[in-house]
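**Q** next input, structure requested:
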Amino acid sequence: AKWKPLGRWHGAKIDELVPKTDSVKVKTTKQGQVKIKIKQTFACGDTDQYFTHQHTYLISPMGTVTVENTYSSSEGLPDIPRLGVVMAVLGDYELLSWYGRGPIESYCDRKVGAPIGHYASTVTDQYVPYILPQEHGNKVDTRWLALQQPNGRGILVTSPDLLSINATRYPAEDLIKAYHTNEVDPRQEIYLYIDAIQRGLGTASCGPDTLPEYQIPSGKTYTSTYIIQPYID
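**A** Numbering: from 1, shown residues only. You can find the predicted model right below:
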């Protein structure tokens, strides 16, 4: 239905983003760090609407990567589902721990039952088998998150901001194609979503739409900063 959020997003061709790299700048600092600054534009299909993403990576000799992201969009777009990045991680980084809301999934408008604390689980256990496969396993107000191999080696994501983070074996592109739980299979690799912001639940599919205060207006700028570093427990 065109009046529902998913219909609006498809109508605006948010699911058909066409990336274009506008600039890439690389330099080495006096401290021996490598700084990479990238500016990209993502056109919404063949329309004149777009998103912009500026991301800067500061890589230290010790292997720590500080990432700064700035997201913006044209004003003609409808409200936005989420703004962030996703990266693939080796599948044996199965052990999951985090400091934020838990132990259940949480979203900006669904977190009263998920108190802030230190939690440990696995990536596999984050999957929620909704009859209609959909977004699941998110964690809002996350301060840090670690993914580890059985030997204790892993990666640690920390942030001065409060992030929405999700580690899953079911990427969004697989979920959107499925209508029943038996139509999705876990990927071998892990997909780590790090969002600056994500809209609240409720898409008018079987009830009201998300309240306005939990939606993401277009035409504004959003930022996030996080640090990725090696981790051994």
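
**Q** what bits of this structure have low per-residue confidence?
**A** Scanning the chain for pLDDT under 70 picks out no residues.

**Q** helices along that one, start to end?
**A** For the chain, applying DSSP state H gives helices covering 5-11, 172-175.

**Q** hmm, residue 80 and residue 5 touching each other?
**A** No. Using C-beta atoms under 8 Å, residue 5 makes no contact with residue 80, being 9.9 Å away. From N, CA and C alone the C-beta is placed, and that goes for glycine too.

**Q** just want to know which of the two has more residues nearby.
**A** Taking neighbours as other C-beta atoms under 10 Å, residue 5 and residue 80 compare with residue 80 leading, 23 against 20.

**Q** so what's that one closest to, chain neighbours aside?
**A** Nearest non-adjacent residue to residue 80, counting by C-beta to C-beta, 6 or more residues apart in numbering: residue 216, 4.2 Å away.

**Q** phi and psi next, for the one you found.
**A** Note on residue 216: backbone dihedrals following degrees, to the nearest 10 are phi -110, psi 100.

**Q** count the neighbours of it for me.
**A** Neighbour number of residue 216 under other C-beta under 10 Å is 21.

**Q** and for residue 115?
**A** Residue 115 has 12 nearby residues by other C-beta under 10 Å.

**Q** and residue 83, what does it touch?
**A** Applying C-beta atoms under 8 Å, 6 or more residues apart in numbering to residue 83 gives the contacts 71, 195-198, 216, 222.

**Q** looking at these, which are in strands?
**A** Residues of the contacts of residue 83 located in strands (DSSP state E): 71, 195-198, 222.

**Q** re the thing from before, can you redo the helices of the chain as TSV with distance to residue 105?
**A** Putting the helices of the chain into TSV (distance: least, C-beta to C-beta, whole Å) gives the following:
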stretch	distance to residue 105
helix 5-11	19
helix 172-175	14
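
**Q** among the ones you listed, which comes closest to residue 202?
**A** Closest to residue 202 of the helices of the chain is helix 5-11 (C-beta to C-beta; 8.7 Å).

**Q** name the surrounding residues that touch the closest one.
**A** By C-beta under 8 Å, 6+ apart, helix 5-11 touches 1-2, 15, 78-79, 81, 203-205, 209-210.

**Q** and for stretch 174-190?
**A** By C-beta under 8 Å, 6+ apart, the residues outside stretch 174-190 that reach it are 15, 88-91, 93-94, 123-124, 127, 129-135, 147, 167-171.

**Q** tell me the buried residues within these.
**A** Buried residues within the contacts of stretch 174-190, counting neighbours by 16 or more other C-beta atoms under 10 Å: 89, 93-94, 123, 127, 133, 135, 147, 167-171.

**Q** farthest pair in the contacts of residue 83?
**A** 71 and 198 (12.0 Å).

**Q** overlap in contacts, these two.
**A** Common neighbours of residue 71 and residue 198 (C-beta under 8 Å, 6+ apart) are 83-84.

**Q** show me where this structure has its strands.
**A** 17-28, 34-44, 50-59, 65-73, 82-89, 95-101, 116-122, 139-148, 153-168, 190-198, 221-232.

**Q** just send the ones you listed back as CSV, with distance to residue 180 too.
**A** CSV is the format used below for the strands of the chain (distance: least, C-beta to C-beta, whole Å):
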stretch, distance to residue 180
strand 17-28, 27
strand 34-44, 29
strand 50-59, 31
strand 65-73, 33
strand 82-89, 24
strand 95-101, 26
strand 116-122, 24
strand 139-148, 26
strand 153-168, 18
strand 190-198, 21
strand 221-232, 34
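
**Q** residue 108 is nearest to which of the ones you listed?
**A** Of those, nearest to residue 108 by C-beta to C-beta is strand 139-148, at 5.8 Å.
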